[in-house]
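*Asks:* Sequence first, then the predicted structure:
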Amino acid sequence: KVVESINDAVNVCRDGNVGWVILNRPKQINAINDEIRVGVPEALEQFEKDKEIRVIVIRGEGERGLCAGADIKERRGPENSLQVRKRMECARWIESIDQTTKPVIVAIHGYCMGGGLELALACDIRYASPNAVMALPETGLGLIPGGGGTQRLSRVVAPGHALDMLLSGDRLDAARARSIGLVTRVAETQESLLQEVSELAQKIAMKPPLATTYVKRAARASLELELKRGLDLELDLFALLAPTEDAREAASAFSERRSPNFIGE
Ligand code: CO8
């Protein structure tokens, strides 16, 4: 598998129908700098356009962790609130994950703090290693999360758990994170994380891609739409899928007791 560089801080790799986005600042525990802010959306856009890619995985290079949050050592001059507000538009790079129609899985090993957890919160499936450590420590720095943490966390876990994490800044281990639904899967061992994530990604990539895209769209819309509109959207998407080649192929393959061959139409 060939690893290609988007820039100094982000690599990509294609493995069959799975596209890997790799944060590559291991010495700084992949702390978020401008190259990550630019490189991740660029990598996602590449994979979004690539018909061969059906599932995307985000992971971090190095043993220490997925991402230790924003680069605290980035030097900036004094700024007033207006200047900060303008600059913080760059925090919207995480929204590139929302705009991706293909499923995005994040592999969380080691530290996943602040902006790193905000990145993970925007993904569709959070898969942790047993050594994962997750926290939103921003209030301890006199700040609040600025990459969607205050909004996405309570859409992922119950609001009581979200406020607990936001106010305390406490670090959660993988077992605790799974118990509150912050991650949905924990790997057997630290070493098996990427293999397990890869297997899950391949499994999803084997499914009819249109159905995968539409189910993601409908489920994500449920977080924003009132129920009636969400149910309408679900039926619209169902009706679009029912006559597709892949839906017909799935039914034929079932009747004929053979493996289906999906073409993405
Ligand atoms: N930014 C820049 N460099 C970092 C960061 C970071 N967030 N985290 C770790 N590093 C660097 C360390 O400086 C160190 O580099 P060096 O070897 O050159 O000194 C290297 O990575 C390894 O880190 P440690 O030696 O500290 O490793 P430990 O195992 O002792 O500790 C921790 C690991 C617990 C993850 C620790 O590094 C830590 O607490 N990091 C900061 C975590 C954090 O608070 N992140 C910010 C969260 S808030 C956020 O993301 C949004 C708000 C941003 C505000 C920015 C203010 C300007």
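*Replies:* Everything's here; your move. Given the structure is predicted, the values throughout are model-derived calculations rather than measurements. Numbers count the residues shown, from 1 in each chain.

*Asks:* hmm, who's touching the helix or strand that contains residue 84?
*Replies:* Here residue 84 is covered by helix 81-87, with elements defined by DSSP states H and E. Residues from elsewhere that reach helix 81-87, judged by C-beta atoms under 8 Å, 6 or more residues apart in numbering: residue 79. Where you see a C-beta, it was placed from the backbone N, CA and C, and this is true even at glycine.

*Asks:* helices and strands around whichever helix or strand comes after it, which ones?
*Replies:* Moving toward the C-terminus from helix 81-87, the next helix or strand (DSSP H and E) is helix 95-98. With contacts defined as 3 or more C-beta pairs under 8 Å, 6 or more residues apart in numbering; DSSP states H and E, the packing partners of helix 95-98 are helix 34-49.

*Asks:* Pull the distance from the helix it packs on to the chain's centre.
*Replies:* 13 Å (C-alpha atoms, centre = their mean, to the nearest Å).

*Asks:* any residue of it up close to the ligand?
*Replies:* No: counting by C-beta under 6 Å from any ligand atom, the ligand is not contacted by helix 34-49; separation bottoms out at 11.2 Å.

*Asks:* How far away from the center of its chain is the helix holding residue 84?
*Replies:* A distance of 27 Å separates the centroid of the chain from that of helix 81-87, by C-alpha atoms, centre = their mean.

*Asks:* Check which residues of it are buried.
*Replies:* Within helix 81-87, no residue is scored as buried using 16 or more other C-beta atoms under 10 Å.

*Asks:* For whichever residue of the stretch 101-250 of the chain sits closest to the ligand, give me its contacts.
*Replies:* Checking the stretch 101-250 of the chain residue by residue against the ligand with C-beta to the nearest ligand atom singles out residue 114 as nearest, at 2.4 Å. Contacts for residue 114 were tallied using C-beta under 8 Å, 6+ apart; they are 68-70, 135-138, 145, 149.

*Asks:* Show me the residues you listed that map onto strands.
*Replies:* Using DSSP state E, the subset of these located in strands is residue 135.

*Asks:* would you turn the contacts of residue 114 into a markdown table with distance to the ligand, neighbour count and pLDDT?
*Replies:* As requested, the contacts of residue 114 are arranged in a markdown table below (distance: C-beta to the nearest ligand atom, whole Å; neighbours: other C-beta atoms under 10 Å; pLDDT from 0 to 100):
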| residue | distance to the ligand | neighbour count | pLDDT |
| --- | --- | --- | --- |
| 68 | 3 | 23 | 98 |
| 69 | 3 | 26 | 97 |
| 70 | 3 | 24 | 95 |
| 135 | 8 | 19 | 98 |
| 136 | 7 | 29 | 98 |
| 137 | 5 | 18 | 97 |
| 138 | 5 | 22 | 97 |
| 145 | 6 | 24 | 96 |
| 149 | 8 | 24 | 97 |
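
*Asks:* in terms of contact, does residue 60 touch residue 22 like I think?
*Replies:* Yes: contact criterion C-beta atoms under 8 Å: residue 60 and residue 22 qualify, at 7.3 Å.

*Asks:* and the lowest-mean-pLDDT helix or strand in the chain, C-alpha only, in CSV?
*Replies:* Taking mean pLDDT, DSSP states H and E as the measure, the helices and strands of the chain show their lowest mean at helix 81-87, namely a mean of 89. The C-alpha coordinates for helix 81-87 follow below in CSV (Å, rounded to 0.1, in the frame of the first residue of the first chain):
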residue,chain,number,x,y,z
SER,A,81,-12.0,38.9,20.2
LEU,A,82,-12.8,40.0,16.6
GLN,A,83,-9.5,38.8,15.3
VAL,A,84,-9.8,35.6,17.2
ARG,A,85,-13.3,35.0,15.9
LYS,A,86,-12.1,35.5,12.3
ARG,A,87,-9.1,33.2,12.8
